[in-house]
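Colleague: show me the folded form of this:
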Amino acid sequence: MVSELKKAFLKLLDEDFEFRYAIAGLIGLREILNRLDKVEEEVRKLWEEVKALREGQNRLIENQNKLWEEVKALREGQNKLWENQNRLWEEVKALREGQNKLWEEVKTLREGQNKLWEEVKTLREGQNKLWEEVKTLREGQNKLWEEVKALREGQNKLWEGQNKLWANQNRLWEEVKAVKEEQTKIWREIKGLKAEVTSFGRAVGRTLEDYTMAFIEIMLEEKGYSRAEMNVRKGIFVYDGEIFEIDVFNEKPLIVGEVTTYLRDEEEAEKEVEKLLRHIEAAQKKFKRKAEFKFLSVGNAPEKVIEFLKENAKKHEIKLIYGKEIIEES
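Modeller: Here you go, the predicted structure:
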């Protein structure tokens, strides 16, 4: 009888929810069961989180095979790592000590950061003041642009007047240029007359060489040389077993010149230039100084030959004297 009653009682506890809670309440377990219900609710929420985690896990599974291969390689290396475990622990200990120092540095950095924020705050206040200054400057700038606009209008008027002045000035320059050309011609004539007067005392029957020498003496005087320094004459000297006879020569400053009364064609002119260049080279080697002045004096020649001589004189820095006029082509 008792046995059957126990079985019925246990069956009711197992099958009847209300009966089970009533019995639990009677024996003081109702509060525990209520708490279990709350725990069950929390467990349900946890299962929902687990579900979400499982969804993430499915994504991770895609890379699981690769990770397993990495794990396999890591396991192979793990055997070697175990051998150095003691050393690693020592390194960990040293790292921890270093970590403590790092924390101290972090603390210092934070303190510095606070100071920086204070500086930033000060800079922002200064920036606001600068913006106010910029605003003031912009207002002043607008006023300046108005002034510039007014000045440009005045400048345009000035340019109009200046263009008229330039036109008049160009006319004046043309007049001045013409006067200078006339003045140059007159000066050349005066030089020729001075040379003639100077050479007149040397011989009644003046030669082209005399005229060239007189001309060179006048030129040296104009360049600041005194009469005592000049000894312009025919020159004869021996160099390297050869006798050189130079039409116009002065030792200090070294001057070498050749004089010819007439050149018929370009061939004769080229030979005369080569002769002068050979005499210049010999004189420079003989007296161990550079020729300061090189002259070629021609009494008369066709216009074509004169043009040829001008080109060569310019090329070799030779002063060309034609008739009674020096042609400055060097």
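Colleague: now do the domain split for the protein, please.
Modeller: Using automatic domain parsing, the domain ranges for the chain come out as 16-79, 201-327.
Colleague: between the ones you listed, which has the poorest mean confidence score?
Modeller: Mean pLDDT is lowest for domain 16-79 among these, at a mean of 77.
Colleague: tell me, how many residues neighbour residue 92?
Modeller: 11 (other CB atoms under 10 Å). Placement of C-beta: from N, CA and C, glycine included.
Colleague: make 511 the first number, not 1, from now on.
Modeller: Shifting the count to begin at 511 puts that one at residue 602.
Colleague: state the distance from it to residue 584.
Modeller: To residue 584, residue 602 is 19 Å away according to CB to CB, to the nearest Å.
Colleague: which one of the domains of the chain is the most hemmed in?
Modeller: With neighbours taken as mean count of other CB atoms under 10 Å, these reach their highest mean count in domain 711-837, at a mean of 16.
Colleague: related to what we said a few turns ago, make TSV from the domains of the chain and add distance to residue 666 to it.
Modeller: Shown next, in TSV, are the domains of the chain (distance: least, CB to CB, whole Å):
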stretch	distance to residue 666
domain 526-589	76
domain 711-837	48
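Colleague: dump the residue contacts of the nearest residue to residue 754 once chain neighbours are set aside.
Modeller: Using CB to CB, 6 or more residues apart in numbering and skipping the chain neighbours, the partner closest in space to residue 754 is residue 792 (5.2 Å). Residue 792 is in contact with 749-750, 752, 754, counting by CB atoms under 8 Å, 6 or more residues apart in numbering.
Colleague: just residue 762 next, same as before
Modeller: When contacts are taken as CB under 8 Å, 6+ apart, residue 762 is in contact with residue 739.
Colleague: how much space separates the residue nearest to residue 754 from residue 741?
Modeller: 19 Å.
Colleague: of all the domains of the chain, which lies closest to residue 620?
Modeller: Closest to residue 620 of those, according to CB to CB: domain 526-589, at 35.5 Å.
Colleague: please enumerate the helices of the stretch 661-810 of the chain.
Modeller: 718-732, 776-797 (DSSP state H, counting those that start in this stretch).
Colleague: quick one, which of these gets closest to residue 618.
Modeller: Nearest of those (CB to CB): helix 776-797, 82.1 Å.
Colleague: could you dump stretch 731-750 to CSV, C-alpha only?
Modeller: Provided in CSV are the C-alpha atoms of stretch 731-750 (Å, rounded to 0.1, in the frame of the first residue of the first chain):
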residue,chain,number,x,y,z
GLU,A,731,99.0,109.2,-76.6
GLU,A,732,95.2,109.0,-76.4
LYS,A,733,95.4,105.8,-74.5
GLY,A,734,97.7,107.4,-71.9
TYR,A,735,101.2,106.4,-73.1
SER,A,736,103.9,109.1,-72.9
ARG,A,737,106.3,110.0,-75.7
ALA,A,738,109.2,108.6,-73.6
GLU,A,739,107.6,105.1,-73.8
MET,A,740,107.2,105.2,-77.5
ASN,A,741,109.7,104.2,-80.2
VAL,A,742,107.5,103.4,-83.1
ARG,A,743,109.8,102.5,-86.1
LYS,A,744,110.7,99.9,-88.6
GLY,A,745,111.8,96.8,-86.7
ILE,A,746,114.4,94.1,-87.5
PHE,A,747,115.2,91.2,-85.3
VAL,A,748,116.5,87.6,-85.5
TYR,A,749,114.5,84.7,-84.1
ASP,A,750,115.2,81.0,-84.5
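Colleague: if you skip the residues just before and after it, what's nearest to residue 759?
Modeller: Closest to residue 759 by CB to CB, 6+ apart is residue 745, at 2.6 Å.
Colleague: residue 533 contacts residue 526, correct?
Modeller: No: at 9.4 Å, residue 533 does not count as touching residue 526 under the criterion of CB atoms under 8 Å.
Colleague: all strands for the stretch 711-840 of the chain, in order.
Modeller: Taking DSSP state E, counting those that start in this stretch as the criterion, the stretch 711-840 of the chain contains strands spanning 743-749, 752-760, 765-772, 803-810, 829-832, 835-837.
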